[in-house]
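Novice: Here is my input, please return the structure:
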Amino acid sequence: MSEPPDTPEPADTPERPDTATAEDFSQLGLRPELVAALAQLGYEEPTPIQREAIPLLLAGRDLMGQAATGTGKTAAFALPILQRLPDTHRGTAPRVLVLVPTRELAMQVSEAVHRYGRGMAARVLPIYGGQPIFRQLRALGSGVDVVVGTPGRVLDHLNRGSLTLDQLQTVVLDEADEMLDMGFAEDLEAIMAATPVQRQTLLFSATIPARVEKLARRYLRDPVSVQIGRGPATASGAPLVRQTAYVVSRAHKPATLGRILDVESPTAAIVFCRTRDEVDRLTETLNGRGYRAEALHGGMNQDQRDRVMGRLRSGTAELLVATDVAARGLDIDQLTHVINYDVPTDPESYVHRIGRVGRAGRSGVAITLAEPREHRMLKAIERATKQRMHLATVPTVADLRARRLESTRAAIHENLLAGDLDGFRVVVESLAAEFDVLEVALAAVQLAHETLGGPAEEEADIPQAAEPTGAGGRTFTEPTARLFVGAGRSAGIRPQDLVGAIAGESRLTGRDIGSIEISDKFSLVEIPDSAVDEVIQALRGTTIKGRKAVIRRDRTPAKRARARS
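Specialist: I've put the predicted structure just below:
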């Protein structure tokens, strides 16, 4: 039970079916139960990646798919794997394993597969950290068809013997680039080694850097490649997602965000922050300034998250302030703007974020607030994505005043078109007997303007931050602390095991984790001080290398601070 041998670079093959004429799901060869489920969910026609991938997967091909978030890739792999499930005598061992980087994505993919396969009585189980493991053990013992899990928890079940993969037909590596970023490479190797050689393997990723290509060469057999553009384009070829960046000092970020929101007037927007503390602070600030904002992060339980999403979808809230992990996998039809309150730490994260707008032919806006020291990060994102970001100046008081006046004019214009104004005629006629009609109209517009947005005269312009001209920018530091982990070399603990456990169970990424010291009986891991309690709570009840370990704050914390640039 080893992985297939290395194969050549994935490439399109002459045998690729012609699916350009597939205008609805029934033409893709899907069984009636699946087509009926899609119709009930309101899906009318397949997306480009679904048209390309589904016939290939139904034919049993291995596939490497590149598609941004929101292009329909979950259905692209979920429908074929459900189609291939036997009608009867499925047994207890799973036929499909879907590996995903985070628990949020595990829940989202599992729910989608369950909805699609309801008419087939498909048994779908998500397994991830932070959920009582006895529930997962009981469900696995009863029998499942599709397991959707994070690498750490899947490996944990393999080591316990509660999960067997010898009956697998298909393995799906979803968000492969994200899994590698989170340090799961060795976990993936151990999991893939436990799968049958004669399996179908699917890899989906928003970006295809060299490390993802290497992963595909190792585990996919003669794969076909499907590549969907990073976003839809207009007829002229211009991308539908307008990308803009503002360089502003950190002290002026909240005011800049408010100014941008006033000028842009989004129907619904996601504002991405790096930490949950920043999410909570910014949400409170925005609500204090009159915006309808909701927070979403890993410190909230599922019921809280569901309520937040319900308020956003119903229009009760207009802004969602979230961390990357909490927002992964969200699908919000009315979303018009994505705002990076902090510059993403890597280009792949940027692609994931902006992929949430500009879906299904709709236009969208991606805005990034960058501090002067982060200007080079913007350039790195441009090089990696091969897309330019328009560098704009922060809207001035004059810009804001003009935008508010335009909003007032639009509201009055809409009211005039609606008619039904006779009830106010007597007021205008009585005032017109004393004042000029134009002056009466001006006074009415002033009242409407103050009611709708208010004057901007009391506000001050936000200073434009100077962009760095040299290589030597400021260095910022963040207080750190050390975690004590009661397992070390004698338990087979490696640095990547600790990184994978922390990144898989908390909102931290591998880049947030500092020095790691492993002795014979214990290990010390340096992480941001603000995240210590969260990480301890997240790792409580989970296992590392198949065994439980004491996790606590080190009693002799490091006094050094890790430089962040």
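Novice: any idea of the pLDDT on the residue lying closest to Leu188 once chain neighbours are set aside?
Specialist: Spatial nearest neighbour of Leu188, excluding adjacent residues (CB to CB, 6 or more residues apart in numbering): Pro151 at 5.9 Å. Yep, even glycine has a C-beta here, placed from its N, CA and C like the rest. Pro151 carries a pLDDT score of 93 in this model.
Novice: what about Pro151, how many neighbours?
Specialist: Using other CB atoms under 10 Å, Pro151 has 25 neighbouring residues.
Novice: so is the nearest residue to Ala194 once chain neighbours are set aside in a helix, a strand, or just coil?
Specialist: In space, and not counting its chain neighbours, Ala194 is closest to Leu165: 5.0 Å by CB to CB, 6+ apart. Following DSSP: H, G, I helix; E, B strand; the rest coil, the label given to Leu165 is coil.
Novice: From Val109, how far off is Leu165?
Specialist: Distance of Leu165 to Val109, given as CB to CB, to the nearest Å: 18 Å.
Novice: again with Leu163
Specialist: Distance, Leu163 to Val109, by CB to CB: 17 Å.
Novice: looking at it, Arg388 is touching Lys379, isn't it?
Specialist: No - between Arg388 and Lys379 no contact is recorded; they are 10.3 Å apart, counting by CB atoms under 8 Å.
Novice: circling back to that earlier point, show me which of Leu165 and Val109 is the more surrounded one.
Specialist: Using other CB under 10 Å as the criterion, Leu165 and Val109 rank with Val109 on top: 24 against 21.
Novice: Assess the claim that the more buried one and Ala75 are in contact.
Specialist: No - in terms of CB under 8 Å, Val109 does not count as a neighbour of Ala75; the distance is 10.3 Å.
Novice: So, low pLDDT: which residues of the stretch 451-565 of the chain?
Specialist: Across the stretch 451-565 of the chain, the ranges flagged by pLDDT under 70 are 452-460, 463-478, 509-511, 556-565.
Novice: in it, which spans are strands?
Specialist: 476-485, 516-518, 523-528, 551-553, 561-564 (DSSP state E, counting those that start in this stretch).
Novice: outside of the fourth one, which residues touch it?
Specialist: Think strand 551-553. With CB atoms under 8 Å, 6 or more residues apart in numbering as the test, strand 551-553 has contacts from Ala481, Arg482, Leu483, Phe484, Val485, Gly486, Val532, Val535, Ile536, Leu539, Arg540.
Novice: Filter these down to the buried ones.
Specialist: Ala481, Arg482, Leu483, Phe484, Val485, Val532, Val535, Leu539 (16 or more other CB atoms under 10 Å).
Novice: ok, so of these, who is nearest Asn159?
Specialist: For the buried ones among the contacts of strand 551-553, the minimum distance to Asn159 (CB to CB) is 16.5 Å, reached by Leu539.
Novice: quick one: the closest one and Gly130, what's the gap?
Specialist: 9 Å.
Novice: overlap in contacts of those two?
Specialist: Common neighbours of Leu539 and Gly130 (CB under 8 Å, 6+ apart) are Glu505.
Novice: helix, strand or coil for the closest residue to Gly119 other than its chain neighbours?
Specialist: Nearest non-adjacent residue to Gly119, counting by CB to CB, 6+ apart: Glu33, 3.7 Å away. With three-state DSSP as the basis, the three-state label of Glu33 is helix.
Novice: Glu33: neighbouring residues, count only.
Specialist: Other residues close to Glu33 by other CB under 10 Å number 18.
Novice: Same check on the one 5 residues further on?
Specialist: Taking other CB under 10 Å as the neighbour definition, Leu38 ends up with a count of 21.
Novice: right, and it touches Phe25 too?
Specialist: Yes - with contact defined as CB under 8 Å, Leu38 reaches Phe25; the gap is 5.2 Å.
Novice: overlap in contacts of the two?
Specialist: With CB under 8 Å, 6+ apart as the test, Leu38 and Phe25 both reach Leu79.
Novice: Pull the contacting residues for the residue nearest to Ala194.
Specialist: Residues in contact with Leu165 (CB under 8 Å, 6+ apart) are Ala93, Pro94, Leu97, Leu158, Ile191, Ala194, Thr195, Pro196.
Novice: From what I see, the fourth one and Met192 are in contact.
Specialist: Read it as Leu158. No - between Leu158 and Met192 there is no contact under CB under 8 Å: 11.1 Å.
Novice: Look at these two and report which has more neighbours.
Specialist: Shown here are Leu158 and Met192; by other CB under 10 Å, Met192 has more neighbours (22 against 18).
Novice: so how far is Ala487 from that one?
Specialist: The value you get for Met192 to Ala487, if CB to CB is used, is 25 Å.
Novice: ok, the closest residue in space to Leu173 that isn't next to it in sequence - contacts?
Specialist: In space, and not counting its chain neighbours, Leu173 is closest to Leu203: 4.5 Å by CB to CB, 6+ apart. Contacts for Leu203 (CB under 8 Å, 6+ apart) come out as Leu63, Met64, Gly65, Val172, Leu173, Ala176, Val212, Leu215, Ala216, Tyr219, Leu220, Pro223.
Novice: redo that, cut-off 10 Å
Specialist: 10, 62-66, 77, 99, 171-177, 212-213, 215-216, 219-220, 223, 225 (CB atoms under 10 Å, 6 or more residues apart in numbering).
Novice: For the one helix or strand it maps to, buried residues please.
Specialist: Element membership for Leu203 (DSSP states H and E) is strand 200-205. Buried residues in strand 200-205, counted by 16+ other CB under 10 Å: Gln200, Thr201, Leu202, Leu203, Phe204, Ser205.
Novice: what's across from the second one in the sheet?
Specialist: Using DSSP bridges, the bridge partners assigned to Thr201 are Val171.
Novice: shouldn't it be in contact with Asp62?
Specialist: Yes - contact criterion CB atoms under 10 Å: Thr201 and Asp62 qualify, at 5.0 Å.
Novice: anything in contact with each of the two?
Specialist: Joint contacts of Thr201 and Asp62 (CB under 10 Å, 6+ apart) are Pro4, Thr170, Val171, Ala216, Tyr219, Leu220, Arg221, Pro223.
Novice: give me the number of residues near the fifth one?
Specialist: Yep, that's Tyr219 we're talking about. Neighbours of Tyr219 using other CB under 10 Å come to 23.
Novice: how about Val426, secondary structure?
Specialist: helix.
Novice: biggest helix in the chain, by residue count?
Specialist: Identified as the longest helix of the chain according to DSSP state H is helix 397-418.
Novice: what packs against it?
Specialist: Applying 3 or more CB pairs under 10 Å, 6 or more residues apart in numbering; DSSP states H and E, one finds that helix 397-418 makes contact with helix 253-264, helix 437-452.
Novice: For the last one, buried residues please.
Specialist: Of the residues in helix 437-452, those buried under the neighbour-count criterion (16+ other CB under 10 Å) are Val440, Ala448, His449.
Novice: Can I get that helix in PDB, CA atoms only?
Specialist: Taking C-alpha atoms only, helix 437-452 is exported to PDB below (Å, rounded to 0.1, in the frame of the first residue of the first chain):
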ATOM      1  CA  VAL A 437     -38.800  77.500  -5.000                       C
ATOM      2  CA  LEU A 438     -35.100  76.800  -5.500                       C
ATOM      3  CA  GLU A 439     -34.300  77.900  -1.900                       C
ATOM      4  CA  VAL A 440     -37.100  75.600  -0.700                       C
ATOM      5  CA  ALA A 441     -35.600  72.700  -2.600                       C
ATOM      6  CA  LEU A 442     -32.100  73.500  -1.300                       C
ATOM      7  CA  ALA A 443     -33.400  73.400   2.300                       C
ATOM      8  CA  ALA A 444     -35.100  70.100   1.700                       C
ATOM      9  CA  VAL A 445     -32.000  68.600   0.200                       C
ATOM     10  CA  GLN A 446     -29.900  69.800   3.100                       C
ATOM     11  CA  LEU A 447     -32.200  68.100   5.600                       C
ATOM     12  CA  ALA A 448     -32.200  64.900   3.500                       C
ATOM     13  CA  HIS A 449     -28.400  65.000   3.200                       C
ATOM     14  CA  GLU A 450     -27.900  65.300   7.000                       C
ATOM     15  CA  THR A 451     -30.300  62.500   7.600                       C
ATOM     16  CA  LEU A 452     -28.700  60.100   5.100                       C
END
